[in-house]
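>>> predicted structure and sequence below. I'll ask about it afterward.
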Amino acid sequence: MTLLEKYQEYPRKTKINVSEDIVFSLLSELDGRKGVLDFDNCDYDIQEEILDCLVDIVDSKLIKKEIVIELSKYGEILVDDNTKEMYSEIKKELTLNECVVVSFEGVQTLQTTVAKNVFGRLYSELGNVNYNTMIKLKGASKTHMMIIHLGIADTFKTEE
(Lines give C-alpha, C1' and ligand atoms only; values in the text may rest on other atoms or scores of the structure.)
Protein backbone atom coordinates (compact mmCIF):
# COMPACT_ATOMS: atom_id res chain seq x y z
CA MET A 1 0.00 0.00 0.00
CA THR A 2 1.34 3.47 -0.84
CA LEU A 3 1.70 6.29 1.64
CA LEU A 4 -0.87 8.22 -0.38
CA GLU A 5 -3.43 5.43 0.06
CA LYS A 6 -2.70 5.20 3.78
CA TYR A 7 -2.89 8.97 4.09
CA GLN A 8 -6.25 9.16 2.31
CA GLU A 9 -7.86 6.42 4.38
CA TYR A 10 -6.56 7.75 7.69
CA PRO A 11 -9.47 8.85 9.94
CA ARG A 12 -9.41 12.58 10.76
CA LYS A 13 -11.88 15.29 11.60
CA THR A 14 -10.99 17.49 8.63
CA LYS A 15 -10.77 15.89 5.22
CA ILE A 16 -8.22 17.54 2.98
CA ASN A 17 -8.53 17.04 -0.75
CA VAL A 18 -5.08 17.03 -2.29
CA SER A 19 -3.61 15.77 -5.49
CA GLU A 20 -1.35 12.76 -5.64
CA ASP A 21 1.51 14.95 -6.90
CA ILE A 22 1.36 17.26 -3.89
CA VAL A 23 1.33 14.40 -1.40
CA PHE A 24 4.11 12.56 -3.20
CA SER A 25 6.29 15.67 -3.30
CA LEU A 26 5.78 16.17 0.44
CA LEU A 27 6.29 12.51 1.19
CA SER A 28 9.42 12.29 -0.92
CA GLU A 29 11.00 14.62 1.63
CA LEU A 30 10.31 11.92 4.21
CA ASP A 31 10.64 8.79 2.15
CA GLY A 32 13.04 8.51 -0.78
CA ARG A 33 11.00 5.57 -2.13
CA LYS A 34 8.36 7.85 -3.71
CA GLY A 35 5.62 6.99 -1.27
CA VAL A 36 5.95 3.21 -1.03
CA LEU A 37 5.88 1.94 2.52
CA ASP A 38 6.09 -1.74 3.42
CA PHE A 39 3.81 -2.38 6.38
CA ASP A 40 4.16 -6.17 6.12
CA ASN A 41 7.17 -6.23 8.43
CA CYS A 42 5.89 -3.68 10.96
CA ASP A 43 3.92 -4.21 14.16
CA TYR A 44 0.49 -2.65 14.26
CA ASP A 45 1.63 -0.11 16.93
CA ILE A 46 4.52 1.00 14.73
CA GLN A 47 2.18 1.33 11.74
CA GLU A 48 -0.10 3.60 13.78
CA GLU A 49 2.84 5.74 14.94
CA ILE A 50 4.08 6.09 11.36
CA LEU A 51 0.62 7.10 10.15
CA ASP A 52 0.14 9.59 13.00
CA CYS A 53 3.44 11.25 12.16
CA LEU A 54 2.72 11.16 8.44
CA VAL A 55 -0.71 12.77 8.80
CA ASP A 56 0.64 15.45 11.15
CA ILE A 57 3.48 16.36 8.80
CA VAL A 58 1.49 16.36 5.57
CA ASP A 59 -1.54 18.12 7.06
CA SER A 60 0.62 20.84 8.64
CA LYS A 61 2.10 21.62 5.23
CA LEU A 62 -1.25 21.58 3.44
CA ILE A 63 -3.40 23.56 5.86
CA LYS A 64 -2.91 27.27 5.41
CA LYS A 65 -2.15 29.09 8.58
CA GLU A 66 -3.49 32.56 9.12
CA ILE A 67 -3.06 35.08 11.88
CA VAL A 68 -5.19 38.11 12.74
CA ILE A 69 -3.55 41.49 13.30
CA GLU A 70 -5.82 43.95 15.11
CA LEU A 71 -5.03 47.45 13.84
CA SER A 72 -7.17 48.99 16.60
CA LYS A 73 -4.19 48.58 18.95
CA TYR A 74 -2.60 51.45 17.01
CA GLY A 75 -5.62 53.69 17.70
CA GLU A 76 -9.07 54.50 16.39
CA ILE A 77 -7.46 56.76 13.79
CA LEU A 78 -4.37 55.26 12.14
CA VAL A 79 -1.76 57.98 11.75
CA ASP A 80 1.70 58.07 10.26
CA ASP A 81 3.39 57.73 13.69
CA ASN A 82 2.81 53.95 13.76
CA THR A 83 3.38 53.16 10.08
CA LYS A 84 6.71 51.37 10.59
CA GLU A 85 5.31 49.21 13.37
CA MET A 86 2.19 48.26 11.40
CA TYR A 87 4.21 47.40 8.28
CA SER A 88 6.81 45.44 10.29
CA GLU A 89 4.17 43.41 12.14
CA ILE A 90 2.33 42.45 8.94
CA LYS A 91 5.57 41.70 7.07
CA LYS A 92 6.90 39.57 9.94
CA GLU A 93 3.70 37.53 10.10
CA LEU A 94 3.75 37.02 6.32
CA THR A 95 7.16 35.33 6.64
CA LEU A 96 5.75 32.95 9.27
CA ASN A 97 2.26 32.36 7.83
CA GLU A 98 0.67 31.98 4.43
CA CYS A 99 -2.17 34.39 5.13
CA VAL A 100 -2.50 37.42 7.37
CA VAL A 101 -5.91 38.81 8.29
CA VAL A 102 -5.69 42.54 8.97
CA SER A 103 -8.63 43.59 11.12
CA PHE A 104 -10.03 47.10 10.90
CA GLU A 105 -12.61 46.49 13.63
CA GLY A 106 -12.47 49.44 16.03
CA VAL A 107 -10.65 51.64 13.49
CA GLN A 108 -12.60 54.72 12.39
CA THR A 109 -10.26 55.87 9.64
CA LEU A 110 -6.64 55.99 8.48
CA GLN A 111 -4.41 58.54 6.83
CA THR A 112 -3.61 58.07 3.15
CA THR A 113 0.10 58.06 4.05
CA VAL A 114 -0.54 55.05 6.30
CA ALA A 115 -2.32 53.26 3.44
CA LYS A 116 0.55 54.10 1.09
CA ASN A 117 3.39 53.18 3.47
CA VAL A 118 1.79 49.97 4.73
CA PHE A 119 -0.57 48.54 2.12
CA GLY A 120 0.96 50.24 -0.92
CA ARG A 121 4.41 49.01 0.06
CA LEU A 122 3.15 45.46 0.64
CA TYR A 123 1.26 45.52 -2.68
CA SER A 124 4.39 46.72 -4.47
CA GLU A 125 6.57 44.03 -2.86
CA LEU A 126 4.14 41.11 -3.20
CA GLY A 127 2.44 41.90 -6.51
CA ASN A 128 -1.28 41.81 -7.21
CA VAL A 129 -1.87 38.05 -6.97
CA ASN A 130 0.20 37.42 -3.83
CA TYR A 131 -1.13 40.54 -2.10
CA ASN A 132 -4.74 39.49 -2.69
CA THR A 133 -4.01 35.90 -1.67
CA MET A 134 -1.87 36.56 1.38
CA ILE A 135 -3.54 39.63 2.90
CA LYS A 136 -7.20 39.58 3.91
CA LEU A 137 -8.87 42.77 5.16
CA LYS A 138 -11.50 42.13 7.83
CA GLY A 139 -14.04 44.70 8.91
CA ALA A 140 -12.79 47.30 6.43
CA SER A 141 -15.48 49.83 5.51
CA LYS A 142 -15.93 51.36 2.07
CA THR A 143 -14.04 54.40 3.34
CA HIS A 144 -11.14 52.24 4.58
CA MET A 145 -11.02 50.45 1.22
CA MET A 146 -11.09 53.72 -0.74
CA ILE A 147 -8.19 55.11 1.30
CA ILE A 148 -6.21 51.87 0.88
CA HIS A 149 -6.79 51.92 -2.89
CA LEU A 150 -5.68 55.57 -3.02
CA GLY A 151 -2.57 54.68 -1.01
CA ILE A 152 -1.71 51.79 -3.34
CA ALA A 153 -2.25 53.98 -6.41
CA ASP A 154 -0.09 56.72 -4.88
CA THR A 155 2.70 54.18 -4.32
CA PHE A 156 2.87 53.52 -8.04
CA LYS A 157 2.69 57.24 -8.94
CA THR A 158 5.71 57.80 -6.72
CA GLU A 159 7.64 54.89 -8.29
CA GLU A 160 7.23 56.31 -11.83
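Yep, that arrived. Numbers count the residues shown, from 1 in each chain.

>>> only C-alpha atoms for contact and neighbour calcs from this point on.
Noted.

>>> domain parsing of this structure, as residue ranges.
As assigned by automatic domain parsing, the chain contains the domains 3-62, 66-159.

>>> tell me the mean pLDDT over the longest one?
Model confidence over domain 66-159 averages 92 on the pLDDT scale.

>>> and the helices in this structure, which stretches?
3-9, 20-30, 44-62, 83-96, 112-114, 121-134, 142-159 (DSSP state H).

>>> burial of residue 102, as a residue count?
When counting by other Cα atoms under 10 Å, one arrives at 18 neighbours for residue 102.

>>> mind listing the residues bridging to it?
Beta-bridge partners for residue 102, by DSSP bridges, are residue 69, residue 137.

>>> tell me the contacts of it?
Residues near residue 102 by Cα atoms under 8 Å, 6 or more residues apart in numbering: 68, 69, 70, 71, 135, 136, 137, 138.

>>> which among these end up buried?
69, 70, 71, 135, 136, 137 (16 or more other Cα atoms under 10 Å).

>>> and which of these is nearest to residue 93?
Closest to residue 93 out of the buried ones among the contacts of residue 102 is residue 69 (8.9 Å), distances taken as Cα to Cα.

>>> that closest one contacts residue 101, correct?
Yes: with contacts counted by Cα atoms under 8 Å, residue 69 reaches residue 101, the gap being 6.2 Å.

>>> residue 70 and residue 155, how far apart?
24 Å (Cα to Cα, to the nearest Å).

>>> revised request: answer the last question for residue 123.
Using Cα to Cα, residue 123 is found at 9 Å from residue 155.

>>> tell me the buried residues in stretch 123-143?
Using 16+ other Cα under 10 Å as the test for burial, stretch 123-143 gives 123, 131, 135, 136, 137, 140.

>>> quickly note the distance from the closest residue to residue 109 other than its chain neighbours to residue 147.
Distances taken as Cα to Cα, 6 or more residues apart in numbering put residue 77 closest to residue 109, at 5.1 Å, once the chain neighbours are dropped. Distance check for residue 77 against residue 147: by Cα to Cα, it reads 13 Å.
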